[in-house]
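[1] Fold the stuff below for me.
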Amino acid sequence: MSGNKFSDVIKAAGEEHGFSVKNTKPLSGGDINDVFVIETGSSEKLVIKINDAAKYPGMFQAEKAGLDALRKPEIINVPETLHVGGTKEYSYLVLKFLESGSKASGYWKIFGKQMAALHKVSAEKFGFEIDNFIGSLPQYNSEENSAADFYINQRLEPQFKMASENGYSLGNTDSFLKNCAAIIPNEAPSLVHGDIWNGNYMTGADGMPVLIDPAVAFAPREMDLAMMKLFGGFDASLFQSYQEHFPLEDGFEERVALWQLYYLLVHLNIFGSGYKASVENILRRYR
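    Numbering: from 1, shown residues only. Model prediction:
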């Protein structure tokens, strides 16, 4: 571990939770987290994610809650969470390490079937037990009674407010939001991953899909599917399989951009004005 500026954090995590650290190796972790594979003294492999405790308070508690919720129904593979903790400067999340592999035969059809089954897991209200994060931004999960109320109040409105504070003028959104409420199907809440782009799943050693880095809620299920279509990386047979196992309400293709608006607003607020035109195009389309 020599030369690793997080050596003290990793050592502290091992002392706190009873594992010895034999070796560490960095993994790609994105802009927010530094991620390492830990080889323990017992030859078990763990993953530790580390970030700035002051910048992202509660992020790993929220991620653990989301991963645990996805794992609980035993529908699709999700890393097992072990420990959340921290030092004065840093927070960490420790998970079991999952080996990666090659996609098994029928991978995409299985993935679609699993997503359909996951989305059949429901709750009385839209929302989640804890607010969490979408990328580096806070994501709100207060209870709502309808899909439209949840999407407008907990997803769009906070991002519109943030965009305005960041200096992006998007005009009057009242008519857009009114149309949203009329367009969104009044389906039951679904357990969703919440941030399922092609960097947030992997293939396990058994050749099956594994979901990682979620932004979980009981939310409109079409959000997950629209996000999967936003940046690509998912085979068409996944969506065909999903449709066979949990058919979508009529008009889904006309609503895809409506759901993608949330993720584009997130990108606007994180990465800047390069996403403004895409946001404005969707607002015009549904005004």
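[2] contacts, neighbours, all on C-alpha from now
    Fine.
[3] I'd like to know which elements the helix ranked longest in the chain is packed against.
    In the chain, taking DSSP state H as the definition, the longest helix is helix 252-271. Applying 3 or more Cα pairs under 8 Å, 6 or more residues apart in numbering; DSSP states H and E, one finds that helix 252-271 makes contact with helix 157-165, helix 222-230, helix 276-286.
[4] Please work out which of those helices is packed deepest.
    Stretch with highest mean neighbour count among the helices and strands packed on helix 252-271: helix 222-230 (a mean of 22; mean count of other Cα atoms under 10 Å).
[5] Just the CA atoms of that helix, as CSV, please.
    The C-alpha coordinates for helix 222-230 follow below in CSV (Å, rounded to 0.1, in the frame of the first residue of the first chain):
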residue,chain,number,x,y,z
GLU,A,222,-40.2,3.8,-17.2
MET,A,223,-37.4,6.0,-15.7
ASP,A,224,-35.0,3.1,-15.7
LEU,A,225,-35.8,2.1,-19.2
ALA,A,226,-35.5,5.7,-20.5
MET,A,227,-32.1,6.0,-18.9
MET,A,228,-31.0,2.8,-20.5
LYS,A,229,-31.9,4.3,-23.8
LEU,A,230,-30.2,7.7,-23.2
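[6] next SSE after that helix?
    Counting by DSSP states H and E, the next helix or strand C-terminal to helix 222-230 is helix 236-245.
[7] Show the average pLDDT along that next one.
    Average pLDDT, helix 236-245: 98.
[8] With just CA atoms, put it into PDB.
    What follows is helix 236-245, C-alpha atoms only, in PDB (Å, rounded to 0.1, in the frame of the first residue of the first chain):
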ATOM      1  CA  ALA A 236     -32.600  -4.300 -28.200                       C
ATOM      2  CA  SER A 237     -33.400  -7.900 -27.000                       C
ATOM      3  CA  LEU A 238     -33.300  -6.700 -23.400                       C
ATOM      4  CA  PHE A 239     -36.200  -4.300 -24.000                       C
ATOM      5  CA  GLN A 240     -38.100  -7.000 -26.000                       C
ATOM      6  CA  SER A 241     -37.700  -9.400 -23.100                       C
ATOM      7  CA  TYR A 242     -38.800  -6.800 -20.600                       C
ATOM      8  CA  GLN A 243     -41.900  -6.100 -22.700                       C
ATOM      9  CA  GLU A 244     -42.800  -9.800 -22.700                       C
ATOM     10  CA  HIS A 245     -42.500 -10.100 -19.000                       C
END
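[9] Any chance you could list what contacts that helix?
    Residues outside helix 236-245 that contact it (Cα atoms under 8 Å, 6 or more residues apart in numbering): Trp108, Lys109, Ile110, Phe111, Gly112, Lys113, Met115, Ala116, Ala117.
[10] what's the angle between the longest helix of the chain and helix 157-165?
    With axes from the mean of the first three to the mean of the last three Cα atoms, to 10 degrees defining the directions, helix 252-271 sits at 40 degrees from helix 157-165.
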